[in-house]
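**Student:** Sharing a model prediction with you, sequence too.
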Amino acid sequence: MVKLILIAAASFLGSAVAFQAPAQASARTPSLLKATDYWDPLELSLLGENIDTFGNMFPHQDFVTEAEIKHGRMSMLAWTGIWATHEGGFGLGLHIPGYPVCDDWTKALGVFASERPTDFAAILGLIAIAEGESVGHSGDNFRGMGSKIPGNNGLDILGLKKKLSAEEQARYGAVERTQGRAAMIAMASMFAFESIPGSVPLMDLFGAK
């Protein structure tokens with residue numbers, strides 16, 4: 001009961017599972033970490049094994065890892081998009097000719113969708129394909145029955161992964177997850193900055209608008 005209360009409290013402090021240090025990988029995933037090398041005092045990485053009130057109530061770590069990597073990649077792309085298109089300050093002010101211009105990044109997607117509906121539909125289609133690939137043919141990774149290595153979409157056209165050893169692949173994978181976590185925090189700070197004045201003092205210090 002105490003552990004359940006602690007877990008509930010942690011959920012209000014943020015997505016603890018998403019930002020915890022890399023958990024022990026499955027047998028088919030190379031890893032440089034041992035089971036005791038990561039900080040997990042609430043044992044969130046063991047949910048479903050140590051606590052399982054109802055069958056399949058908590059996802060397997062393959063599902064959680066896939067979700068973390070996916071959202072980290074999306075956040076890295078989102079942050080890069082804001083930085084690349086923002087005018088003034090540290091922004092690059094880039095713009096693709098012929099596409100709509102919107103000074104407010106929080107409204108840019110709506111403007112893009114209304115003015116370029118075909119392009120927006122194409123993007124949604126690619127997202128649907130990516131989502132289906134991650135949870136479809138590879139099996140049920142929510143229950144740890146999938147065959148896919150979390151984060152591996154099989155897209156390696158240049159064959160770069162084949163040139164890396166298992167240790168190097170694990171190290172680069174850990175780097176990607178670390179950068180993805182930083183990007184998720186960065187995007188959360190951007191939304192907080194836009195909605196709650198003074199919530200991100202560092203942005204105010206740099207004169208961000």
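**Tutor:** Nice, I can see it. Quick caveat: nothing in here was measured; it's all calculated off a predicted structure.
**Student:** shaky segments in this structure?
**Tutor:** For the chain, applying pLDDT under 70 flags the ranges 1-38, 52-53, 55, 133-137, 209.
**Student:** All the strands of it, in order from the start?
**Tutor:** With DSSP state E, there are no strands along the chain.
**Student:** longest helix anywhere in it?
**Tutor:** helix 166-195 (DSSP state H).
**Student:** Which other helices and strands does that one contact?
**Tutor:** helix 16-19, helix 61-85, helix 105-115 (3 or more CB pairs under 8 Å, 6 or more residues apart in numbering; DSSP states H and E). For every residue, glycine as well, the C-beta is placed using N, CA and C.
**Student:** Going by neighbour count, list what's buried in that helix.
**Tutor:** Within helix 166-195, the residues scored as buried using 16 or more other CB atoms under 10 Å are 169, 170, 173, 177, 180, 181, 183, 184, 187, 190, 193.
**Student:** before we move on, back to that, would you tell me which of the helices and strands packed on helix 166-195 gets closest to residue 128?
**Tutor:** helix 61-85 (13.7 Å; CB to CB).
**Student:** So which elements touch the closest one?
**Tutor:** On a contact count with 3+ CB pairs under 8 Å, 6+ apart, helix 61-85 meets helix 16-19, helix 105-115, helix 166-195.
**Student:** Dump those helices into TSV; add distance to residue 92 as well.
**Tutor:** Formatted as TSV, the helices and strands packed on helix 61-85 follow (distance: least, CB to CB, whole Å):
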stretch	distance to residue 92
helix 16-19	28
helix 105-115	13
helix 166-195	16
